[in-house]
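Peer 1: Sequence below, structure please.
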Amino acid sequence: MESIMDKKVVNKEILEARFGNDDNYDIEFDENYGSTFSDGTSVVFCTSFAIQVQRLLPDHHVIVVGFNNEDNNDCDAAREKWGDGHDFAIVDDRYLVDPWARLVAGVRDQIVYDLEDAGDLSLVKKIYGLRKNWKTVREAISSVTITKKPDIHSVIVPAKLVPWIGDMQLLATEKGLRGDDHLFFAGKMRELADIVDNMPVTCGTDGLSDEQTLVSLRYFGKNGAQWFIVEKDPGDPEMDGPTGPRQLQAYGLADLGMGFPEMGYINIEEITKNTIAELDYHFHPTNLLEVKKTYYPDLVRDEAEKHADEEYLRNSN
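Peer 2: Take a look at the predicted model:
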């Protein structure tokens, strides 16, 4: 009898049994930080699940495909607004596999469709639209290269960046990774992941001058509000998630839109909630002095005059 774990043999029933249950995935469950797969990708994304199908079937030709709703609006997935678009796996050019639809969204119970079966093909057209409207998100991985860790950052937002990005911007970014500008978004995700990895933790810039203090990220909001991040919260070791501490707090220069910036602690969840602030994808890390010169030249002049006055008083004594 064929085993559901025999990856060299697949049919609709085997694929359904293999990918239709959470227990068959290597998932790190965490209520506080969000569950992730062993490669660090968040389980909330349809693309992540499609990539797991690809990774777990190295002896088969598996591609990840998907669509943006605007390019494929005559289907249930778009009409029901599963997201701005949707991604899933195609196995051996015959089986459509979409575990996310059941295990995460709960929008469909069936997760495997046989494209050579008339009934299933009819359902696929209704739910996922015409195949001509799908685009390849990720090419098949050959058995020769499967031992290498897939470049997952090219098609999804790395899990470590999710806490830094608001929900609406996250959806727009996922859409961008599937669209014509995917090269920009993929490169930006890799760049930001490196920036967050290397950012100083709380108190890591104590004693440094503005010229020595690196500003890693910028957020912008309504009415000229903006936040410049220089330190990240190291997190509570007892509440560490599988990909690191949940990012609740940071430290930096904050301007609530009144033109009077102050250094202080910044709640990342609070400023990104309901699209109050967006992470600036075009900001390049620079020192705090340059930030002040660019955005608050009067502040630099005031600080220079204050410093001069202090020097004068010290010399007078």
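
Peer 1: Give the ranges of residues in the stretch 51-200 of the chain that sit below the confidence cut-off.
Peer 2: Along the stretch 51-200 of the chain, the model assigns pLDDT under 70 to residues 141-155.

Peer 1: Could you report the distance from the most centrally placed residue in the chain to S122?
Peer 2: Closest residue to the average C-alpha location of the chain: V157 at 2.5 Å, with Cα atoms, centre = their mean. Here the criterion is Cβ to Cβ, to the nearest Å. By it, V157 lies 34 Å from S122. Placement of C-beta: from N, CA and C, glycine included.

Peer 1: what's the answer for V291, then?
Peer 2: 58 Å.

Peer 1: With neighbour numbers in mind, choose between those two.
Peer 2: Just comparing V291 and S122: by other Cβ atoms under 10 Å the higher neighbour count belongs to V291, 25 against 11.

Peer 1: Find the nearest non-adjacent residue to the more buried one, please.
Peer 2: The shortest distance from V291 to any residue other than its chain neighbours is 5.1 Å, reached at V215 (Cβ to Cβ, 6 or more residues apart in numbering).

Peer 1: what sits against the one you found?
Peer 2: When contacts are counted by Cβ atoms under 8 Å, 6 or more residues apart in numbering, V215 touches 228-230, 252-253, 285-288, 291.

Peer 1: quick one: contacts of the helix or strand containing D120?
Peer 2: Per DSSP states H and E, D120 falls inside helix 118-128. With Cβ under 8 Å, 6+ apart as the test, helix 118-128 has contacts from 12, 67, 72, 75-77, 86, 88, 96, 108, 110, 113-115, 134.

Peer 1: Quick check: phi and psi at the nearest residue to T286 once chain neighbours are set aside.
Peer 2: Leaving aside its sequence neighbours, T286 sits nearest to V215 (Cβ to Cβ, 6+ apart; 5.9 Å). Main-chain dihedrals, V215, degrees, to the nearest 10: phi -90, psi 120.

Peer 1: what do you get for R218?
Peer 2: phi -130, psi 140.

Peer 1: And it, how far from N69?
Peer 2: For R218 relative to N69 (Cβ to Cβ), the value is 30 Å.

Peer 1: cool, and Y295?
Peer 2: Counting by Cβ to Cβ, the gap from Y295 to N69 is 37 Å.

Peer 1: what's the answer for P297, then?
Peer 2: Using Cβ to Cβ, P297 is found at 44 Å from N69.

Peer 1: confidence score at S316?
Peer 2: Turning to S316, the model gives it a pLDDT of 69.

Peer 1: same question but for Q212, I mixed them up
Peer 2: Q212 is assigned a pLDDT of 94 by the prediction.

Peer 1: neighbours of it, just the number please.
Peer 2: Neighbour tally, Q212, other Cβ under 10 Å: 11.

Peer 1: Can you tell me the SS state at it?
Peer 2: coil (DSSP: H, G, I helix; E, B strand; the rest coil).

Peer 1: if I pick it, what's in contact with it?
Peer 2: 205, 287.

Peer 1: Angles on the backbone of it, please.
Peer 2: The phi/psi pair for Q212 (degrees, to the nearest 10) is phi -90, psi -10.

Peer 1: Now do the strands in this structure.
Peer 2: Counting by DSSP state E, the chain has strands at residues 27-28, 36-37, 62-68, 85-91, 95-97, 112-114, 135-138, 214-215, 217-221, 226-232, 249-255, 262-267, 277-279, 286-287.

Peer 1: Out of those strands, flag the one nearest T205.
Peer 2: Checking these against T205 by Cβ to Cβ gives strand 226-232 as the closest, at 5.6 Å.

Peer 1: contacts for the closest one?
Peer 2: Applying Cβ under 8 Å, 6+ apart, the set of residues contacting strand 226-232 is 196, 199-205, 213-221, 247, 250-255, 266, 271, 277, 288, 291, 295.

Peer 1: That concludes my questions; thank you for your assistance.
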